[in-house]
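*Asks:* Turn this into a structure:
(one chain, ligands or ions: 3)
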Amino acid sequence: MKLTLLGTGNVQACPLYGCECAACQQATLDPAKARHLCSAVLEVNGQQLLIDANHPQLQSRFPAGSIDAILLTHYHMDHVQALFELRWGVADPIPVYQPDDPDGCDDLFKHPGLLQFLPPNQANQAFKLAGISITPLSLNHSKPTLGYLFSSEQGRIAYLTDTLGIPEQSWQQLLRNPPKYLVIDCSVPPSHRSGNHNNLDDVLALASALPDSDWILTHIGHELDLYLMQNPDCLNSNVSVAYDGLEISL
Ligand SMILES: [Zn+2]
Ligand SMILES: [Zn+2]
Ligand SMILES: [Zn+2]
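*Replies:* Ligands and ions are numbered 1, 2, ... in the order given. The predicted structure follows:
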């Protein structure tokens, strides 16, 4: 089972248009430091499960027939924007697992094209896909949002974005089934607030409460990147910062 983080930026991404902070300048000079919008792909048992759809080159990165399913975390535009073009493709239908959000995003439900929206997933009700068990976990966000806990014989990986904290039921699920790797929304520096997203203090507190898991920060804004440049030793030993293209294998 391999999880590749296709993008690790928040809604602003990095470099942020027009911003001259040191983090954005660094990302402009060195594209390896840039962050695209937050999404991932899980490769397991010969299948590719796309988690959110916003990759700027989604159609060339994933030619027709190569996406076995899409798992959506929520219907904010920055997580689903690539669906608007993808849906008109000439290819087999792609099953879409989704949170229970009757509003969806714009007219996706009215004109789904090749997107096969499945009945909404309910939190804590595991389902089988590509030979593994996937447990949706409810998250705290401004739209109905699901994280996903992937369990294979090799171990578990959790993918939790977008969220502020972790709801009690989801936290209990993680305590019962601790993941080896936990990828989590960390959008802004300590003491900052940005909508319904974690800041670094929030995540460091969570990471100390589940110390045997490796916590990997994603959904990172340029202000957090700047803070990390200025405070390189601020992370717990079980916490690391994701980058676009990071591969997590079990
Ligand atoms: Zn900046
Ligand atoms: Zn969001
Ligand atoms: Zn987001």
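*Asks:* how far out from the middle of the chain is the helix or strand harbouring residue 217?
*Replies:* Assessed by DSSP states H and E, residue 217 sits inside strand 214-218. Strand 214-218 sits 11 Å away from the centroid of its parent chain (CA atoms, centre = their mean, to the nearest Å).
*Asks:* quick one: contacts of it?
*Replies:* Residues from elsewhere that reach strand 214-218, judged by CB atoms under 8 Å, 6 or more residues apart in numbering: 5, 8, 38, 161, 180-186, 200, 203, 206-207, 224, 236, 238-242, 246, 248. The way it works is simple: take the backbone N, C-alpha and C, and place the C-beta from them, glycine included.
*Asks:* How confident was the prediction at the closest residue to residue 45 other than its chain neighbours?
*Replies:* Leaving aside its chain neighbours, residue 45 sits nearest to residue 131 (4.2 Å; criterion: CB to CB, 6 or more residues apart in numbering). Looking at residue 131, its pLDDT is 97.
*Asks:* Tell me the residues on the chain that lie near ligand 2, please.
*Replies:* Proximity of the chain to ligand 2 (CB under 5 Å from the ion) is limited to residues 76, 162.
*Asks:* repeat that for 8 Å
*Replies:* Proximity of the chain to ligand 2 (CB under 8 Å from the ion) is limited to residues 11, 73-74, 76, 78-79, 141-143, 145, 161-162, 195-197.
*Asks:* out of those, which are buried?
*Replies:* Buried by 16 or more other CB atoms under 10 Å: 11, 73-74, 76, 78-79, 141, 143, 145, 161-162, 196-197, out of the residues of the chain next to ligand 2.
*Asks:* Out of these, list just those in helices.
*Replies:* 78-79 (DSSP state H).
*Asks:* Let me have the buried ones among the residues of the chain next to ligand 2 in CSV, extended by distance to residue 63 and pLDDT.
*Replies:* Shown next, in CSV, are these (distance: CB to CB, whole Å; pLDDT from 0 to 100):
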residue, distance to residue 63, pLDDT
11, 28, 94
73, 24, 98
74, 26, 98
76, 26, 97
78, 24, 96
79, 22, 98
141, 32, 97
143, 30, 97
145, 29, 98
161, 26, 96
162, 28, 97
196, 35, 95
197, 33, 97
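*Asks:* Please identify which of the buried ones among the residues of the chain next to ligand 2 is nearest to ligand 1.
*Replies:* Closest to ligand 1 out of these is residue 11 (13.5 Å), distances taken as CB to the ion.
*Asks:* Tell me where this structure has helices.
*Replies:* Counting by DSSP H, the helices of the chain are 22-29, 58-61, 77-80, 83-86, 168-176, 200-209, 222-230.
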